[in-house]
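Engineer: what follows is a protein structure lacking sequence information:
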């Protein structure tokens, strides 16, 4: 993670762009030609022809399916004007020095190679449509840990890849999952063998560089029995006047007794629509944790989900959002209990400022056959001024009477007394406000590794300074 | 050092303070006593610059500067401190982090967490609190005694020039009262002044004031030396009220 000083704006820290000659790209707009081009770049032929067919079916579904009527305003997306595939490399590698200079410089500026040396078990770096760098530490590799891009997953680990790909999030799940399924490129394919504990996190960093561009990465994580892994993703983009689209699909398979944590620090520029489907299957006695922070983007619609399919499985979802001027964070969580003795805990915290809007949208489903389910949902929203908005849409489908569920929600404003107390000790109004907001998010900051917590708190301060364009 | 000149204050159109004058000089301890609702707490908030209170007449000077319209943080950075009767709870903010930020706010040279831990050490010992106390969220789930210890700890660390202590003795058991009073006495010096606001005379057994003032109905009705406090204990506030009525 890069360092930002307090006075840096988003533009200065993340919002710049680099001149990069594209090696492969599709014409603006979306048609079956686009799919053929992408499949061509990726050599999806022969025994891998199925993925091309998968894309074509998904495209058809995407084109036929109406835009969702709920959530945020999507009318700023011009599907005909976007470029759906663009890459500055033909193929990624595992050596930063082999990359085109400006791509390498981009990730250096963002501090990725530095973080890799210090605190990570593996790194993937995506630049526009392709993962340009992917490397997992040697000791992890020796234990059989796979951490590659999906193309490599498809070509080199085709059996397990094909077995799970598109199973957790089917192509027809929703309009944007269909779009991703049609044009996906980049992302990660992760496999953790039985019993392997990956001590330090695997990190993926997603960078959009091109304007009027769509990034559609796809991530599939399979944690085999009794294994443990923490996957972290971060993302940023240049500030452009025209809107871009980021629409990812993430599928997690937590096999019996495994433990998967997936942390996101979403920090897109405010001209990016962020429409993402994230879902996990949690089998017997496994644990899936989504730790999801949304700071950037114009509109985010994202509801990390856990389908608790095996007895004793656990889901823990922590979702935090910050909406400033012209931002709408429509976020939340879904826990679908399909087996007995499963538990879920959902914690959502949001702050709205300068007319920003946050929405909590959640689903708790407890199937008839799922006895002795425990679930708790807690959402807290903080409004920093009268122009800002927050709303909650909790949906409950509880079909089993043995379930024990709790739901708590609060909407708060920063009290005059809190501000006076802090200022009476010498904190300026801005410092006091920062402190209350940082404190409000403390439950989140504590859950992420220290470097990320520091970065997160800096981002909050950056937002609070109001210097983000 | 802190001078209050003919101060009139209203809250929501109602006049609470009706011409208060008082001066706290270096090395002095003033006790401000009075019945409930006489305007003591209002005075403490106004002195610290609470935005809810409107000064309609008079002024406040501190350390030679007119601070009548200065914000709370400006006053704090000049060296004014208010120990709250009901300290506010702030979730997610540790006492340590908060106090470090406050400490740094009035200093050019900022200290690191490590340096600040050293600065805190003696003061924590003085107030009989441990590492886990300062790691807790600010006043959240604190007992009455812990809240007041926290206030005096903050005061001791920040080292202000004038300290206004609003009902610091309320809600304290005898042991806590001793610890807190001892803390205040240790911080008090020839270089700073204290305005101790209290309803009861109890704390004055531990902290000996040079001056005692009685506030009634938004005015200082009577001032005197330490003896006045004993007289009040004996006769109650009614004798002062009677004196006013008798003219």
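Structural biologist: Yes, it's here. Note that the structure is a prediction, hence the values are computed from the model and not measured.
Engineer: so residue 179 is in which element?
Structural biologist: In the absence of a named chain, this looks at chain A. helix A:175-183 (DSSP states H and E).
Engineer: actually, chain B is the one I wanted.
Structural biologist: Counting by DSSP H and E, residue B:179 is found in helix B:174-187.
Engineer: next, the angle helix A:175-183 makes with the helix or strand following the helix holding residue A:179.
Structural biologist: With elements assigned by DSSP H and E, the helix or strand that comes after helix A:175-183 is strand A:187-192. Between strand A:187-192 and helix A:175-183, the angle comes out at 90 degrees (axes from the mean of the first three to the mean of the last three Cα atoms, to 10 degrees).
Engineer: from the contact counts, what lies against strand A:187-192?
Structural biologist: If contacts are counted by 3 or more Cβ pairs under 8 Å, 6 or more residues apart in numbering or on different chains; DSSP states H and E, strand A:187-192 sits against strand A:130-136, strand A:146-148, helix A:150-156, strand A:202-207, strand A:218-223, strand A:228-236. Glycine gets a C-beta too; all of them are placed from N, C-alpha and C.
Engineer: any chance of these in CSV, plus distance to chain B?
Structural biologist: Output for the helices and strands packed on strand A:187-192, formatted as CSV (distance: least, Cβ to the nearest Cβ, whole Å):
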stretch, distance to chain B
strand A:130-136, 34
strand A:146-148, 34
helix A:150-156, 39
strand A:202-207, 26
strand A:218-223, 31
strand A:228-236, 22
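Engineer: now render those as TSV, adding mean neighbour count and mean pLDDT.
Structural biologist: Output for the helices and strands packed on strand A:187-192, formatted as TSV (neighbours: other Cβ atoms under 10 Å in any protein chain shown; pLDDT from 0 to 100):
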stretch	mean neighbour count	mean pLDDT
strand A:130-136	24	94
strand A:146-148	24	96
helix A:150-156	19	95
strand A:202-207	24	95
strand A:218-223	25	98
strand A:228-236	23	95
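Engineer: any chance of the ones you listed in a markdown table, plus distance to residue A:70?
Structural biologist: Converted to a markdown table, the helices and strands packed on strand A:187-192 look like this (distance: least, Cβ to Cβ, whole Å):
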| stretch | distance to residue A:70 |
| --- | --- |
| strand A:130-136 | 33 |
| strand A:146-148 | 36 |
| helix A:150-156 | 30 |
| strand A:202-207 | 26 |
| strand A:218-223 | 24 |
| strand A:228-236 | 25 |
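Engineer: for residue A:306, give the beta-bridge partners.
Structural biologist: residue A:280, residue A:335 (DSSP bridges).
Engineer: does whichever residue of chain B sits closest to chain A sit in a helix, a strand or a coil?
Structural biologist: Among the residues of chain B, residue B:92 lies closest to chain A, at 2.9 Å counting by Cβ to the nearest Cβ. Three-state call for residue B:92 (DSSP: H, G, I helix; E, B strand; the rest coil): strand.
Engineer: who's in contact with it?
Structural biologist: Taking Cβ atoms under 8 Å, 6 or more residues apart in numbering or on different chains as the contact definition, residue B:92 lies against A:438, A:439, A:440, A:441, A:442, A:443, B:137.
Engineer: please apply the same query to residue B:155.
Structural biologist: B:81, B:83, B:163, B:183, B:184, B:187.
Engineer: from the residues you listed, which single one is nearest residue A:433?
Structural biologist: Within the contacts of residue B:155, proximity to residue A:433 (Cβ to Cβ) peaks at residue B:81, which comes in at 21.5 Å.
Engineer: partner strands of whichever helix or strand that closest one is part of, with direction?
Structural biologist: Counting by DSSP H and E, the element that carries residue B:81 is strand B:80-83. The strands beside strand B:80-83 in its sheet (DSSP bridges) come out as strand B:162-166 (parallel).
Engineer: quick check on residue A:160: phi, psi?
Structural biologist: Note on residue A:160: backbone dihedrals following degrees, to the nearest 10 are phi -70, psi -30.
Engineer: and chain B, which residues reach chain A?
Structural biologist: For chain B, the contact set with chain A under Cβ under 8 Å from any Cβ of the partner chain comprises B:45, B:48-52, B:71-73, B:75-77, B:81-82, B:84, B:87-88, B:90-93, B:97-99, B:101-102, B:105-106, B:137-138, B:154, B:158.
Engineer: contacting residues for the closest residue to residue A:87 other than its chain neighbours?
Structural biologist: Of all residues not flanking residue A:87 in the chain, residue A:130 sits nearest, at 4.2 Å (Cβ to Cβ, 6 or more residues apart in numbering or on different chains). Applying Cβ under 8 Å, 6+ apart, we find residue A:130 in contact with A:87, A:88, A:89, A:91, A:92, A:149, A:185, A:186.
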